[in-house]
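Trainee: Please work out how this folds:
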Amino acid sequence: MRVVIAEDLALLRDGLIRLFEAHDFEVVAAVDNAQSLLQALDAKEADIAVLDVRLPPSFSNEGLMAAIEIRRRRPSFPVLVLSQYVEQLYAKELLASGQGSIGYLLKDRITDVRSFVEAVQQVAAGGTVLDPQVVSSLLTRVQREAPMERLTEREREVLALMAQGRSNAAIAARLFVSEKAVGKHTNSIFTKLDLPQATDDNRRVLAVLAYLHQD
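Mentor: The predicted model follows:
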């Protein structure tokens with residue numbers, strides 16, 4: 001199996017090369033930045049790309065952007081992303097297409113050589129491999145976001161204005177609707193966010209807290 005590696009830390013990059021070669025993989029290129037990764041994949045015949053989420057120059061999301069670009073150019077091309085931490089946004093974007101041949105592992109998993117090699121083989125074969133901590137984190141995010149997703153666009157507008165401390169009358173004036181309509185939207189928000197029966201003031205606070213913590 002032919003592998004392209006993108007990892008900016010020389011020690012880890014060399015370690016990955018040795019690990020792959022010890023398990024009969026052919027490392028066709030080992031680079032330290034996203035641009036070189038894309039160039040290597042254009043020039044070399046490879047079966048999978050293994051890359052760090054954070055690459056030079058900014059060490060933010062260059063690896064992720066490279067992974068997305070790889071998949072844009074070559075849909076379903078196997079990509080295994082390595083990260084020091086669980087980064088929900090990056091994992092969510094990477095998995096957004098719903099296609100297979102994708103892996104997201106924490107770098108700590110590399111120490112379990114057998115499991116890591118099996119993960120690379122599984123991704124290369126068209127499977128999806130997610131670190132257990134990534135799965136747990138994404139499920140937590142989904143559970144937190146699900147109630148907010150129930151709101152209509154108008155209800156989101158009302159909630160956003162509630163978060164600014166506006167009264168129903170002020171919201172009605174801002175949205176050019178009746179105060180009664182705002183009251184209906186507010187009650188719908190309380191219901192959809194699963195807020196318990198209480199005084200409207202308390203439920204407004206809870207709804208605003210849900211809105212502020214949705215990210």
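Trainee: Provide the secondary structure category for R72.
Mentor: helix (DSSP: H, G, I helix; E, B strand; the rest coil).
Trainee: Near it, how many residues? Count them for me, please.
Mentor: The local packing count at R72 equals 10, with neighbours defined by other CB atoms under 10 Å. Every C-beta, even on glycine, is put in place using the N, C-alpha and C of the backbone.
Trainee: From L38, how far out is it?
Mentor: Relative to L38, R72 is positioned 11 Å away (criterion: CB to CB, to the nearest Å).
Trainee: Ok, A169 next?
Mentor: As defined by CB to CB, A169 lies at a distance of 56 Å from L38.
Trainee: Same drill for those two, tell me which one is more crowded.
Mentor: The neighbour count for A169 versus L38, taken as other CB under 10 Å, is higher for L38 (19 against 10).
Trainee: Can you name the helix or strand that that one falls in?
Mentor: Element membership of L38 [criterion: DSSP states H and E] is helix 34-43.
Trainee: name the helices or strands packed onto that helix?
Mentor: Other helices and strands packing on helix 34-43, by 3 or more CB pairs under 8 Å, 6 or more residues apart in numbering; DSSP states H and E, are strand 2-6, strand 26-31, strand 48-52, helix 62-73.
Trainee: and the angle from that helix to strand 26-31?
Mentor: Angle of helix 34-43 versus strand 26-31, following axes from the mean of the first three to the mean of the last three CA atoms, to 10 degrees, is 150 degrees.
Trainee: I'd like the mean pLDDT over helix 34-43, please.
Mentor: In this model, helix 34-43 has a mean pLDDT of 94.
Trainee: Show me the contact partners of that helix.
Mentor: Applying CB atoms under 8 Å, 6 or more residues apart in numbering, the external contacts of helix 34-43 come out as 4, 6, 28-29, 31, 46, 49, 51, 55-56, 62-63, 65-66, 69-70, 74, 77.
Trainee: hmm, 7 Å instead?
Mentor: Judged by CB atoms under 7 Å, 6 or more residues apart in numbering, the contacts made with helix 34-43 from elsewhere in the structure are 4, 6, 29, 31, 49, 51, 55, 62-63, 65-66, 69-70.
Trainee: Check stretch 70-81 too.
Mentor: Contacts of stretch 70-81 with the rest of the structure, by CB under 7 Å, 6+ apart, involve 41, 47-51, 53, 63, 67, 94, 97, 99-105, 119-120, 123-124.
Trainee: Buried subset of those residues as a PyMOL selection?
Mentor: The PyMOL command for the buried members of the contacts of stretch 70-81 (criterion: 16 or more other CB atoms under 10 Å) is given here:
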select buried, resi 41+47+48+49+50+51+53+63+67+94+101+102+103+104+105+119+120+123+124
